[in-house]
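**Q** fold the following.
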Amino acid sequence: MTEPSLPTVTFTIDKFHKIGGHNRYCSYSMSLADGGSVVSLDPTDNTLTVTSASPVQIVFTATGDYLLAGICFRETDPGKKDPNGACAFPNVVLNLSGSSSTLTLTDTANTDSSYEFAMLVVGINEEALGLIDPPIVNRPPA
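**A** Numbering: from 1, shown residues only. All right, here's what the predicted structure looks like:
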């Protein structure tokens, strides 16, 4: 029996900016594979939308000479019931394997919510750390 495909987001770093430099975030684009009916990507603003009442695992990876090294969340909704995303994203697994990395998160949010997340990126050639900052929106069916 084959494993089901997981939604996979790939980051392409267009312009790397190290933390503490003039620009706050790296310039990047995203692509999504195997999102099915539960994860979609709006490429105009790099917003991921999760439309599932059940937990969804999403795999993130970076292309080229970049490795993903960590993630943190910030809820952007008024009222902020889960300001750091600890309830919505309880499991994050980072897998570093040679010259590649994947970061798998579990999105368990079962109510409407919006988050920004900062993802730490290692620029191998730059020998520096950078950040990317895509938003993620949860819109589970009623």
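
**Q** quick one: contacts of stretch 93-109?
**A** 6, 50, 52, 55-62, 65, 67-71, 82, 87-92, 119, 124, 136, 138, 140 (CB atoms under 8 Å, 6 or more residues apart in numbering). C-betas here are computed from N, CA, C, even on glycine.

**Q** for that stretch, measure first residue to last.
**A** 17 Å (CA to CA, to the nearest Å).

**Q** renumber starting at 38 from here on
**A** Fine by me, first position is 38 from now on; the one you just mentioned is stretch 130-146.

**Q** show the average pLDDT along that stretch.
**A** For stretch 130-146, mean pLDDT is 90.

**Q** quick one: low-confidence parts of this protein?
**A** Scanning the chain with the threshold set as pLDDT under 70 gives 38-41, 179.

**Q** let me know the secondary structure of the residue positioned nearest the centre of the chain.
**A** Centroid-nearest residue in the chain, with CA atoms, centre = their mean: residue 97, separated by 6.0 Å. Three-state call for residue 97 (DSSP: H, G, I helix; E, B strand; the rest coil): strand.

**Q** please report how far the closest residue to it other than its chain neighbours lies from residue 114.
**A** Once flanking residues are discounted, residue 97 sits nearest to residue 140: 4.5 Å by CB to CB, 6 or more residues apart in numbering. For residue 140, the distance to residue 114 (CB to CB, to the nearest Å) stands at 23 Å.
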